[in-house]
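In: coords please:
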Amino acid sequence: MAKRVYWKVGDQEVEVEGDAAFIQKQLKIFFERVGRTSQPASKDLPSKIVAVAKSGRAPSPAEYFRQKSPNGGTETVIVLAKYLDEFRSKSEFTRKDIGALTREAKIPHIHGQYYLNAIKQGLLRSLGRGTYGLSISGEDTVAAMPSKKA
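Out: Residues are numbered from 1 along each chain as shown. Just a heads-up that it's a prediction; the model follows:
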């Protein structure tokens with residue numbers, strides 16, 4: 001059964017998906033690169049894992065939202081945009097797409113002003129005709145959000 005693990009040590013991070021042996025091998029390489037000579041004991045792994053999708057599947061919008069814990073409407077828009085891009089292969093989206101995710105995640109509707117704020121801050125790109133895309137700055141902002149343990 002494939003699992004997905006995201007691990008962060010200081011400013012360095014790695015995301016690995018595969019079986020347990022593959023994950024252990026990749027984590028060993030990661031720890032060597034970040035200067036740690038040994039991996040934590042297996043009993044320490046759950047407290048160190050930042051985000052894990054249950055049973056190797058993509059997290060639900062609600063799980064992803066909880067992991068990223070956005071602060072405010074603008075961050076919520078870009079977190080949900082990143083979810084669409086990463087887990088639903090939809091790099092271009094509309095407000096209707098985000099609205100469907102808010103209902104699925106059972107979070108409040110996002111007011112249109114937050115889309116404008118995200119564009120002004122350079123986090124979203126307006127692609128015309130009500131279509132948006134996440135900018136590189138937006139992706140970096142979501143990646144920098146502290147993830148919570150699943």
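In: residues contacting the lengthiest helix in the chain, please?
Out: Ordering each helix of the chain by length in residues (DSSP state H) puts helix 73-88 first. With contact meaning CB atoms under 8 Å, 6 or more residues apart in numbering, helix 73-88 is reached by 58-59, 61, 64-65, 68, 70, 90-91, 93, 97-98, 101-102, 105, 107, 110-111, 113-115, 117-118, 121, 123-124, 132-134, 138-139, 141-142, 145. Every C-beta, even on glycine, is put in place using the N, C-alpha and C of the backbone.
In: quick one: which of these sit in helices?
Out: Among the contacts of helix 73-88, the members falling in helices are 61, 64-65, 68, 97-98, 101-102, 105, 113-115, 117-118, 138-139, 141-142 (criterion: DSSP H).
In: ok so, going back, buried set for the longest helix of the chain?
Out: Judged by neighbour count using 16 or more other CB atoms under 10 Å, the buried positions of helix 73-88 are 73-86.
In: can you check stretch 138-150 too?
Out: Along stretch 138-150, these residues count as buried under the neighbour rule (16+ other CB under 10 Å): 138-139, 141-142, 145, 147, 150.
In: and which of those is nearest E13?
Out: Using CB to CB, S147 is the member of these that lies nearest E13, at 9.3 Å.
In: for that closest one, report the pLDDT, please.
Out: Per-residue confidence at S147 stands at 70 (pLDDT).
In: mind checking the SS state of it?
Out: The assignment at S147 comes out as coil when based on DSSP: H, G, I helix; E, B strand; the rest coil.
In: and for K28?
Out: Assigned by three-state DSSP, the conformation of K28 is helix.
In: and the gap between it and G18?
Out: Taking CB to CB, to the nearest Å as the measure, K28 falls 13 Å from G18.
In: only the buried members of the contacts of helix 73-88: can you turn that into a ChimeraX selection?
Out: The following ChimeraX command selects only the buried members of the contacts of helix 73-88, with burial defined by 16+ other CB under 10 Å:
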select :59,61,64,65,68,70,93,97,98,101,102,105,107,110,114,115,117,118,123,124,132,133,134,138,139,141,142,145
